[in-house]
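Asker: below are the sequence and a predicted model for it; my questions follow.
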Amino acid sequence: LRLDAELRHAIDNDQLELFYQPILALGTGQVTGVEALLRWRHPTRGLLVPPVFLPIAEESDLGVRIGTWVLRTACRQVAQWCREPGREQFRMSVNVSNRQFWQGRLIEDVINCLDAYGLDPGCLALEITEGVIMHDVRQATQLLAGLSEMGVEVHIDDFGTGYSSLEALHDLPFAALKIDRSFVSRMTTSPRSRELVRTIVTMGLNLDLQVIAEGIETSEELDLVRRLGCTHGQGYLYSRPVPSDECTKYLAEQR
Ligand code: G
Ligand code: G
Ligand code: MN
Ligand code: NA
């Protein structure tokens, strides 16, 4: 309960911050976008990561409030980065929580944010996990269709770890699969993991999806996901999630 009260206070007192992690096209090595990752600069406990406080936020309306704050902050930031010449195609990926998806006004929030910052819908991707979608597949399909018709991409996050039926995926309008980093880290030592990833990639490519490998930490892992056909990758090998000014520098150095 204490953390809950502190968290309400945190939103209004600028203690929340977004870090950003680059996502690269594995074919060209170009940075094609970033994923926004939430942090809480707690006055006494230091920098807190979402697993410490998001579950608490998700028990109340706070989950939606934080989600709205994240979306707005990420859109404001990508509007700035997209303004740079040659970076018109740049995309911001934003994680959407269960509560934000089911109890927020996600479509309205997205429209407002695109509007507020004059942002091209193509500059935004929403990351949704299978678990959030499977809660009510029909409703989710409608909501996601609305987003994708607007031109906002939908990416399935942590793919392979949740439970989702292929039948459900069939009707879902999504543009990318993100292969969970647990597969990527096991892949180099486990042939079974490698075959699993190969299968996921083949399916993704055959469906014309982007296939994004998460959590690439070593050049050996990079090599392997590239050979298996992943189109994009992110991970500590390229960059940890970093504050916005550091990310601005990283992006400038990439050109
Ligand atoms: O870097 P990392 O510790 O940030 O993220 C931990 C977990 O928190 C991941 O599962 C990630 O998807 C989730 N997460 C990070 N940022 C956000 C956010 O802004 N909103 C939601 N809903 N989840 C987030
Ligand atoms: O669940 P989601 O995929 O949204 O969350 C991404 C999580 O993975 C964040 O906690 C982020 O900080 C973390 N992450 C990103 N790259 C790496 C990596 O290369 N190695 C590890 N161990 N974690 C990573
Ligand atoms: Mn994610
Ligand atoms: Na993930």
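Answerer: Happy to help now that I have it. Numbers count the residues shown, from 1 in each chain. Ligands and ions are numbered 1, 2, ... in the order given.
Asker: give me every residue in the stretch 151-255 of the chain lying close to ligand 2.
Answerer: Where proximity means Cβ under 6 Å from any ligand atom, the interface of the stretch 151-255 of the chain facing ligand 2 comprises D157, D158, R181, E214, G215, I216, E217, G235, Y236, P241. C-beta: built from backbone N, CA, C; applies to glycine.
Asker: same list (those) but as CSV, adding neighbour count, distance to P43 and secondary structure.
Answerer: Formatted as CSV, those follow (neighbours: other Cβ atoms under 10 Å; distance: Cβ to Cβ, whole Å; DSSP: H, G, I helix; E, B strand; the rest coil):
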residue, neighbour count, distance to P43, secondary structure
D157, 25, 30, strand
D158, 20, 31, strand
R181, 20, 31, helix
E214, 24, 31, coil
G215, 19, 31, coil
I216, 25, 34, coil
E217, 15, 32, coil
G235, 23, 31, coil
Y236, 13, 28, coil
P241, 20, 21, coil
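Asker: which of the residues you listed are close to ligand 3?
Answerer: If you filter those for contact with ligand 3, counting by Cβ under 5 Å from the ion, you are left with D157.
Asker: out of the residues of the stretch 151-255 of the chain next to ligand 2, flag the one nearest to E84.
Answerer: P241 (20.5 Å; Cβ to Cβ).
Asker: what ranges does the chain have for its strands?
Answerer: Applying DSSP state E to the chain gives strands spanning 16-25, 31-42, 46-48, 91-95, 124-129, 153-159, 176-179, 210-213, 232-233, 242-243.
Asker: could you dump those into TSV and include distance to H9 and mean pLDDT?
Answerer: Formatted as TSV, the entries for the strands of the chain read as follows, by distance: least, Cβ to Cβ, whole Å; pLDDT from 0 to 100:
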stretch	distance to H9	mean pLDDT
strand 16-25	11	98
strand 31-42	11	98
strand 46-48	14	97
strand 91-95	23	98
strand 124-129	27	97
strand 153-159	29	95
strand 176-179	33	96
strand 210-213	35	97
strand 232-233	38	98
strand 242-243	21	98
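Asker: ok, which of those comes nearest ligand 4?
Answerer: Evaluated with Cβ to the ion, those place strand 153-159 nearest to ligand 4, the distance being 3.9 Å.
Asker: run through the neighbouring helices and strands of the closest one.
Answerer: Applying 3 or more Cβ pairs under 8 Å, 6 or more residues apart in numbering; DSSP states H and E, one finds that strand 153-159 contacts strand 91-95, strand 124-129, helix 130-134, helix 137-150, strand 176-179.
Asker: of the ones you listed, which stretch is the most buried?
Answerer: strand 176-179 (a mean of 26; mean count of other Cβ atoms under 10 Å).
Asker: and this protein, which residues reach ligand 4?
Answerer: Taking Cβ under 5 Å from the ion as the criterion, the chain approaches ligand 4 at residues D158, D180, E214.
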